[in-house]
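S.K.: here is a sequence together with a model predicted from it:
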Amino acid sequence: MGILNVTPDSFSDGGAFIRRDQAVMRARQIWESGADIIDIGAESTRPGAPAISASEEMERLLPVVEAVMAAVPLPVSIDTYKASVMREAWSLGAGLMNDVTALRGDPDSLALLAELQIPVCLMHMRGTPRNMQGQTRYTDLLGEVQDFFRERISACEAAGIQREQLLLDPGLGFAKDLQGNCLLLQNLEDLQTWGIPILVGVSRKSMIGTLSGVSEAARRLGGSIAAALWAVAHGAQVLRVHDVAETVQAIRVWTGIQEQGAAQSLRITP
């Protein structure tokens, strides 16, 4: 999943793809680099980011969605929690909603997705992007995340959203400190209880900077790839990344080594 932020204030590339032509160029780059999905967001969810209205979000988002879908033959995901934005983006052809509130941020979103039968990624987060970094203390982080997803899956199914239409995102960096992020990555297998694909978004995040000692987000490629490989090795099916070409190359080499090694072990020597 390649990231396309059409925001002025995202933590890594805010302002870089505001204009429609810039966004389309970035979408083409994502496609040509080997991504399977483009995730477009028009409201920053970085720590402390201010909320914006649905009208402002749609003003930024919808022209880009329309242009990208005309230019690039990839499924489009929309990073939003607002039901009205979801509906308008769906009408333009968006095929997945990526909701950091897990359909809790808008009272109409659960019923809307059930009505339209749109797939959705449910992310774990305490609070909101404005205050989440003050809510990083847990008695049992792994237990809380599992309980959270159990409740959200039940809510979705009760509303009419099939389990096959869900993805789960543990929400690295969203109301988690470094220790919490690492604990979740170490235990990703625990989130496979429900047989639902796991999405991991760790690309360029502050934990990469802390562990690597690299303060500038755009220079965290090596650490982001290391975290991506760890996530795939422990059960992640979808990676949400900034550096698509480099991540795709790393995954291909990593899986290629595994496949070649497995093939070699099966050979019978006379």
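M.R.: Sure thing, it's come through.

S.K.: so where do the helices sit in the stretch 101-250 of the chain?
M.R.: Assigned helices in the stretch 101-250 of the chain, in chain order: 109-116, 141-159, 178-186, 206-212, 221-233, 244-266 (criterion: DSSP state H, counting those that start in this stretch).

S.K.: for those, give me JSON lines that also has mean pLDDT.
M.R.: Listed next are the helices of the stretch 101-250 of the chain as JSON lines, based on pLDDT from 0 to 100:
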{"stretch": "helix 109-116", "mean pLDDT": "96"}
{"stretch": "helix 141-159", "mean pLDDT": "98"}
{"stretch": "helix 178-186", "mean pLDDT": "97"}
{"stretch": "helix 206-212", "mean pLDDT": "96"}
{"stretch": "helix 221-233", "mean pLDDT": "97"}
{"stretch": "helix 244-266", "mean pLDDT": "87"}
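
S.K.: need these in CSV (columns: mean neighbour count and distance to Ile198).
M.R.: In short, each C-beta sits where N, CA and C put it, glycine included. Rendered in CSV, the data for these read as follows (neighbours: other C-beta atoms under 10 Å; distance: least, C-beta to C-beta, whole Å):
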stretch, mean neighbour count, distance to Ile198
helix 109-116, 19, 19
helix 141-159, 16, 10
helix 178-186, 17, 10
helix 206-212, 18, 17
helix 221-233, 19, 8
helix 244-266, 13, 15
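
S.K.: adding distance to Val76, write those out as a markdown table.
M.R.: Putting those into a markdown table (distance: least, C-beta to C-beta, whole Å) gives the following:
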| stretch | distance to Val76 |
| --- | --- |
| helix 109-116 | 15 |
| helix 141-159 | 21 |
| helix 178-186 | 27 |
| helix 206-212 | 26 |
| helix 221-233 | 22 |
| helix 244-266 | 15 |
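
S.K.: ignoring the adjacent residues along the chain, who's closest to Gly134?
M.R.: Nearest-residue entry for Gly134: Gly127, 7.4 Å, with adjacent residues in sequence omitted and distances by C-beta to C-beta, 6 or more residues apart in numbering.

S.K.: identify the residues contacting Gln192.
M.R.: Gln192 sits next to 198, 235 when contact means C-beta atoms under 8 Å, 6 or more residues apart in numbering.

S.K.: so how many other residues sit close to the residue nearest to Gly134?
M.R.: By the measure other C-beta atoms under 10 Å, the count of residues near Gly127 is 13.

S.K.: in contact with it, which residues are there?
M.R.: Per C-beta under 8 Å, 6+ apart, neighbours of Gly127: 134-135, 175.

S.K.: which among those residues count as buried?
M.R.: Buried members of those, scored by 16 or more other C-beta atoms under 10 Å, are Ala175.

S.K.: closest to Leu142 out of the contacts of Gly127?
M.R.: Leu142 lies nearest to Ala175 out of the contacts of Gly127, by C-beta to C-beta, at 14.1 Å.

S.K.: my guess is that closest one contacts Met125. True?
M.R.: Yes: the pair Ala175 / Met125 is scored as a contact, 5.5 Å apart, by C-beta atoms under 8 Å.

S.K.: returning to what we had before: Thr193: which of the helices of the stretch 101-250 of the chain is closest?
M.R.: helix 141-159 (7.1 Å).

S.K.: the closest one to helix 109-116, inter-axis angle?
M.R.: Calculated by axes from the mean of the first three to the mean of the last three C-alpha atoms, to 10 degrees, helix 141-159 forms an angle of 50 degrees with helix 109-116.

S.K.: closest to Ala49 out of the helices of the stretch 101-250 of the chain?
M.R.: Closest to Ala49 of the helices of the stretch 101-250 of the chain, according to C-beta to C-beta: helix 206-212, at 13.8 Å.

S.K.: show me what contacts Met123?
M.R.: By C-beta under 8 Å, 6+ apart, the residues touching Met123 are 98-102, 168-171, 174.

S.K.: what strand or helix carries Asn98?
M.R.: strand 96-99 (DSSP states H and E).

S.K.: and that strand, what does it pack against?
M.R.: Counting contacts by 3 or more C-beta pairs under 8 Å, 6 or more residues apart in numbering; DSSP states H and E, strand 96-99 packs against strand 76-79, helix 83-91, helix 109-116, strand 120-123.
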